[in-house]
Every structure is written in C-alpha cells, then in structure tokens.
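K.L.:
using only what follows, build the 3D model:
(3 chains)
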Amino acid sequence: MIVTAGWYMGLAAILFAIGALGILIRRNALVMFMCVELMLNAVNLTLISAGRELGTLDGQVSVFFVLVVAAAEVVVGLAILVSVFRNRATASVDELAELSG
Amino acid sequence: MTFEIDYLALAPELVVAGTIIAALLLDLFLTRSKKYWVAVLSVVGVAGGLVPIVYMLAEGGTRSMFDGSYVVDEFALILKIVFLVSGYLVLLMSVSYIEADRYYQGEYYFLLLSSILGSLVMSSSRDLIVLFIGLELTTGPLFLLAGWRKGDAKSNEASLKFFILGVLSTAILLYGMSLLFGLTGSVEFTAIAAAIPDLVSEPALALSVLFLIVGFAFKASAVPFHFWAPDTYEGAPTPVAAYLSVNSKAAGFVAMLIVMYTALPGISEVWAPALWVLAALSMTVGNLSALRQGNIVRLLAYSSIAQAGFMLVPFAAAAVAGSDLAQAFSATVVYLVIYALMNLGAFAVVIAGARRTGSGDIDDWAGLGQKDPVLGLLTALFFLSLAGIPPLAGWYAKFVMFASVIEAGGISTLVLAAIAAVNSVIAFYYYARVIKAVWLDTPSEELLARPGREYAGSIKLTLAISMGLTIAIGIYPTFATYFGEASRVIATGGG
Amino acid sequence: MTVDAWIAEPVNWVFSIVAVVILFTAVRVVTSPNVVHAALYLVAALAGSAVMFLLLSAEFVALVLVLVYIGAVLVLFLFGIMITRAPTGFDEGLSNDRKLVSAAISLVLLGVLSWASLSAFGTDTVNTVGSPTATEILGDAILGRFVIPFEVVSFILLSALIGGITVARRDLTPLEEEERKAV
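P.N.:
Below is the predicted model:
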C-alpha cells in the first residue's frame, strides 16, 4: 500500500487553497506574489503526479514551461515594484489609491 | 522521433520574430532623435507578416505540425490577420504619442511586437502548452507597457494592479489545465475532446473547466473579473490601453473559445451556463458603469467590457440552446473583426482629441467639433459605429449577433437577446453623450485659444485606415462575412 | 488497507513528513508578519516540493526547481525586499481586515478541490521511486514535439529581461543628461 496519486493531488489542492488565502488576506505586494508562487507550485505538483500516474512525459514538460514562465514573471514583477517604490515608498496595495475603481 | 517543420506555415511568426530582433539591434545604433526608425521597421515588419498569410489563404488547405498541436488553418489565418492589422494600427498610433513624451521608444516597440508574436502563436495552438505559452507572451510584455510612464504614479499603480491580477489569473488557469491534463491524460485538444465523454460525471472535470473559464475571463476582462481593466487603461499610455482593449482582450477571448470549442464540446452543460452569465453580466455591468464615467478612456474601458459581452452572446446562446456552434462561432469572429477596427479608431480619436484639448475629461471636450470639425466628425463616426448605427460597421456586428441568437432559439437565449437589446439602448446613450459634448456644447475660451497644431502623419493614417474599413464594412458587409465563413473551418477539426 | 501495511512502506513516511513540512511552511508564508521570514518559509515549501518531485521520479524538474527557484528567484525576492525597503521587522499592517471572509472562501476552495482531486485520482497508483525519467527523453520531447513553445519561451524571457531593465532603471534627469553630453 503506497500513497496514491490522489494524495499528491490532494496535497496540491490544499497548497493551492493556502496560496489563494494568502492572496486574499495579505496586502503586501511581495507577499501576494509569493502566494502566487505557492499556487504555481501546487500546479506543478498536480502536473507531475498526473504525468507519473499516466506514464507520460507531457506533465514534466509542462512543469518545465511553467517554471520558466514563472521565473520571467518574477523579473517583471520586481521591475514593476521597483518603479512603484521609486515614486512612493510603500509596499501596501491599500495605500495605492491614486486610481479609485 | 523527428518532426517536419513547415516553414511557410510558420512564416508570419518568423517574420515578426525577425522584426523583433532587428528592432532591438537597430535601436542600439540610433540616436534619440532618430528612434522613429524603429517604429518604421516595426510597422513594415508587421505588414510583412501579412504577406505569407494572404498567400496561404489563397492557396487554401490546412497545415498541421507536431502531432496536430500547431495548426495553421483558415481560422488561425483569419485570427492572425486580425491580430496583425490591429497590432499595425496600434503601432501607428503609438509613434507620435511615444515620441512626444520622451518614453523609451526602441524597447516600447520591441515589447509590443513580442506581444503580437504571442497572439500569432496562440491563434494556431491546438494544445494546452502552446496555448498557455502564446497567451503568456501576449500578456507578459503588457504588464511592463502598462507602467511605461515611469514618472507617473498612476501608471505604476496601473501596472502593479494589472500584474498581480494577471499572475493570479495565470495560476488559476494553470490549475485548471493541470486538472484537465490529469483527467484526460493529454494536452492536445483533439485527444482531450475524445477522452471527455467517459469523464462527464467527474466533479474534478467540472472544476477544471470552471477554473479555465475564470482564468480566461480575467484576461478578457469579462465581468466579474474586470475590475483591473478601467484603472489599468486609465493609467497606461493610451496606445497601450487601445492594445489592451483589442488585442489582449481578443487573445483571452479567442483562447477561451478555442478551448471550449475544440477540446470541451462534450461538457458544454458546464461551460455554457457560465458563459451565459459572463455575457449577461459583462453587458449589463459594463454599460451601467460606463454611464457614470467622466473620463473618456475609462468610458471606453467599460464600453469595451460591454462589447466583449456582446461578442460572447452568440456563442453562449448557441451553447445553451445546444444548436450549431459553428454558426455562432463565425458570428463571434465577425463581431470581433468589426469591434477591433472601430474600437481602435475610437482610441485614435482619443489620442488626437487629448492632444487638441489637453484633457481626457469628456466635459473638456465640449465644442471640439467647432474647433476641429474633422476630428469632431471622426468622433461621431466611431462612437456611432460602436453604438451600432447604420450604415457604419457596428450595425452589422449587432445584426449578426442578434440573427445568430434568434437562429439558436429557446427561452434562455431569448432572455439573453432581450438583455443584449436593452444594453444596446443604454450603450447608445453614453456614446451619444460624447458626441453631444463634441458638437452641441459650447467650447470653452481656453479650448478656442489653444494653438491648432498639425497632427502627426501616423495618427492621420491610423484614423484613415480604421475610418475607411469601418465605413466599407458597414456598406458592404460581405467583406466581414468572409471572415466569419472562413473561421468555420475549425469546426471540421482542422484536419 | 491496513495500518501495518501502510507503515511498512518507507515512501509513505517520506511523503507524510514532507507533506507536513510543506503545509506548515506554506501556512507560515501566508501568516508570517515578517516579509523576510515569509520568503524563507517559501524556500522551505519549495524545497519540500522538490523532494516530492524526486519521489515521483521527476529528477530533472526537481533540480530545475532547486536551481531556478531556490537559487535565483528567491534571491530576487530578497533583493526586492531590500530595494523596496519593505519593513523587515514585525509589522501588523501586513494583513487586511477581511480575514474571516477570506478564510471562509479559501476553506470552501480547499474542501472542494481536495474532494474533487481525491475522488478523481484517489485510487490511481503511482509507482513512486521507480526508474527516474531519463533527462535525455525529456530533452528530446522539449526540442522535438514542443520546440515551438520552447522557442516562444525564449521571447518571453527576452521581453521580461529587456522590459524589466527599462522599467526598473533610474532615468537620468535632464540636467544629468546635459552633463553626460558635455563629457
């Protein structure tokens, strides 16, 4: 009796929900971004366990692409944050109220 | 295993990719006053991308590569034309705008071209990985372009908001894709479609479909996932807002339709009601919010949300009623083509008008028609077309939409048609408000005193192209119908 | 299944321990009031995932995760914290006041997602710690069937790089520009 694919998927689902919680409750742009990384990590875990279960490489290939895209997004995100901080020194999205919805 | 690469099928992408590299290199050797040559190169490159597309359309047939994961059929070619032409218009309207405000020019065109390349790849994708990568290249550079006005806190903020919601939507989309892959065992749309019938009772399948819809709806800024759009449009440089409202919205939208249509037709009972709700909400919330806007870019932002709702109507209606999806698909593509032209025209008018009046507030545009009759006429033309008044192209888009809904039949579709009809009337009211301000209100002393500067040739060209096509399609709609008919090819499975 | 049979498998032990570590650190990323701590907990969560990848015989991807994420991305995050001068000490202002609603939403998400996953995949066995996937086959797949996304990804990276530099760098003021020209 070995842990089944469902265990990995379940773990990924919980990880995704934790990341979503972080997005909802945190107001620091950097931490929100870290929570997105947690969610992407959940995606990767799902892809790999599904790929392993199905005996196909497509899961690992997908993870490779997700990792590269996520790395590019980190660069973009930090560049945007730096430009925000140049104009005003705050990390909290609540304080960004120049544009009101 | 080796794969044949059909270089003709890839030619549009290769031309644009070559232009990207050339633009980047050219930028190195130019002094600041000569940077417009990068724009010239980009415009020529994008136009050059159209050449192989026209050739392939004339030749006909479907070209399929990599086990059918990359398909160049008439549907893909039509979409590539839409993305290239609207990208061309956005590049043109950027030239004077970007030059005037001392932004980084070379890098601007580089990023815009990269985004266009992404949308070209996305139109041909018939598997989840290519679709995801194409969509990501379409939206990734836009996070940065939205914050291009670096000194302006509004622009930074627009960019940050757009970015956080963008990556969140990517994560949601990917989770949906990973579940779908796990369940069906494949990333290819045809294989997924084949595996669906055995899985219909699986709750995880319904979940994955909903996650996909949420992810795409964020990118297409459909209600209730639209709240980033007005702020981002307002804070971004105006040509970037135009690009966001046409290309990037269309990319999210088209990606959603491709997936639903080719991979998930077997489970339409899950996504059809969801699309119905998205369409109804987008129309209603978009239009009602547009009524209250005083800033013309925000007004166009909400109007484009509502227009996306209209665009979704034929497809959602046909899916709910269970009637012919191919018919609805071509109606949606016709609407998309016409919307792209008139909305880009409207944004070009906004750029020209903002230059003339020095403001983006509709109140400050009072009497613009007296000051500058040509611009006043163009404002009337594009806004009336958006409202759907004959003989401008917008009426045909609305006509096709309603015709397709009535063909679908059924109570729920008629309700959707009624919502669309009411919304068309509401939309007319706020479009007319802009025209009233321009023509009937008395101009302020300040406006009359402003020096009447000549417009740059590029913005004139943008206005001329979009005006010509808007009038031409309105009078001779067969031209747009061709796009709709060609897009049906996807219905046959693309070979 | 019997408890004894379950305990007898070392894989189950590794899985359970690593899963607990991942969940604990993930929760700490979300709740830690200190931004630097949150980043360090993220390192632990990602490292745990890398172990999971190894359990699932995806050794190439596991190494990429360690090298790219823990090696590069997390360093970027720490740089970001320093550059943006985010408060590094205890800071109560980090969380907002919609905690209850947010917790309810994510609890529902958690319940639905894990139920759906377990019901779909609960009985599917994976032969963990089997023969590792040959990196060669993976490379063939990426440069063969997936060569188009592979090439397109290079444009994503290039645009992120160049756009990122352009947006993040400090512009010269007109005065500084004049000075530079004079030299």
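
K.L.:
in the helix or strand encompassing residue C:80, what's buried?
P.N.:
Assigned by DSSP states H and E, residue C:80 falls within helix C:74-83. Residues of helix C:74-83 classed as buried by neighbour count (16 or more other C-beta atoms under 10 Å in any protein chain shown): C:74, C:77, C:78, C:80, C:81. Where you see a C-beta, it was placed from the backbone N, CA and C, and this is true even at glycine.

K.L.:
counting contacts, what elements does it pack onto?
P.N.:
helix A:29-54, helix A:58-87, helix C:35-55 (3 or more C-beta pairs under 8 Å, 6 or more residues apart in numbering or on different chains; DSSP states H and E).

K.L.:
excluding chain neighbours, what is closest to residue C:137?
P.N.:
Counting by C-beta to C-beta, 6 or more residues apart in numbering or on different chains, residue C:137 lies nearest to residue A:57, which is 6.3 Å off, once chain neighbours are set aside.

K.L.:
could you do residue B:351 as well?
P.N.:
Nearest one to residue B:351, counting by C-beta to C-beta, 6+ apart, is residue B:238 at 5.1 Å.

K.L.:
how many other residues sit next to residue B:380?
P.N.:
20 (other C-beta atoms under 10 Å in any protein chain shown).

K.L.:
surely it meets residue B:436?
P.N.:
No: counting by C-beta atoms under 8 Å, residue B:380 does not reach residue B:436; the two are 10.0 Å apart.

K.L.:
residue 47: how many residues sit nearby?
P.N.:
With no chain named, the answer covers chain A. Using other C-beta under 10 Å, residue A:47 has 30 neighbouring residues.

K.L.:
not quite, I wanted chain C
P.N.:
19.

K.L.:
contacting residues around the nearest residue to residue C:46 once chain neighbours are set aside?
P.N.:
Of all residues not flanking residue C:46 in the chain, residue C:69 sits nearest, at 5.0 Å (C-beta to C-beta, 6+ apart). Counting by C-beta atoms under 8 Å, 6 or more residues apart in numbering or on different chains, residue C:69 makes contact with A:37, A:67, A:71, C:46.

K.L.:
got it, and residue A:66?
P.N.:
Listed by C-beta under 8 Å, 6+ apart, the contact set of residue A:66 reads A:40, A:43, A:44, A:47, B:174.

K.L.:
what about chain C: which of the residues you listed touch it?
P.N.:
Restricting those to those touching chain C (C-beta under 8 Å from any C-beta of the partner chain) yields residue A:44.

K.L.:
residue in chain A nearest to chain B?
P.N.:
residue A:50 (3.2 Å; C-beta to the nearest C-beta).

K.L.:
centroid residue for chain C?
P.N.:
For chain C, residue C:46 is the residue whose C-alpha lies nearest the centre (C-alpha atoms, centre = their mean; 5.4 Å).

K.L.:
hmm, that one is touching residue C:64, no?
P.N.:
No: counting by C-beta under 8 Å, residue C:46 does not reach residue C:64; the two are 11.4 Å apart.

K.L.:
low-confidence ranges, the stretch 101-250 of chain B, go.
P.N.:
Low-confidence segments of the stretch 101-250 of chain B (pLDDT under 70): B:101-103.

K.L.:
90 instead?
P.N.:
Flagging of the stretch 101-250 of chain B using pLDDT under 90 yields the residue ranges B:101-107, B:124, B:126, B:147-161, B:182-188, B:190-191, B:193-207, B:219-231, B:234-237.

K.L.:
can you tell me the residue of it closest to chain A?
P.N.:
Nearest residue of the stretch 101-250 of chain B to chain A (C-beta to the nearest C-beta) works out as residue B:182 at 3.2 Å.

K.L.:
related to what we said a few turns ago, residues contacting the residue of chain A closest to chain B?
P.N.:
Applying C-beta under 8 Å, 6+ apart, the residues contacting residue A:50 are A:5, A:9, A:59, B:178, B:181, B:182, B:185, C:121.

K.L.:
can you pick out the most distant pair from those?
P.N.:
Within the contacts of residue A:50, A:9 and B:185 form the most distant pair, 14.1 Å apart (C-beta to C-beta).

K.L.:
quick one: neighbours of residue C:5, just the number.
P.N.:
If you count neighbours by other C-beta under 10 Å, residue C:5 ends up with 11.
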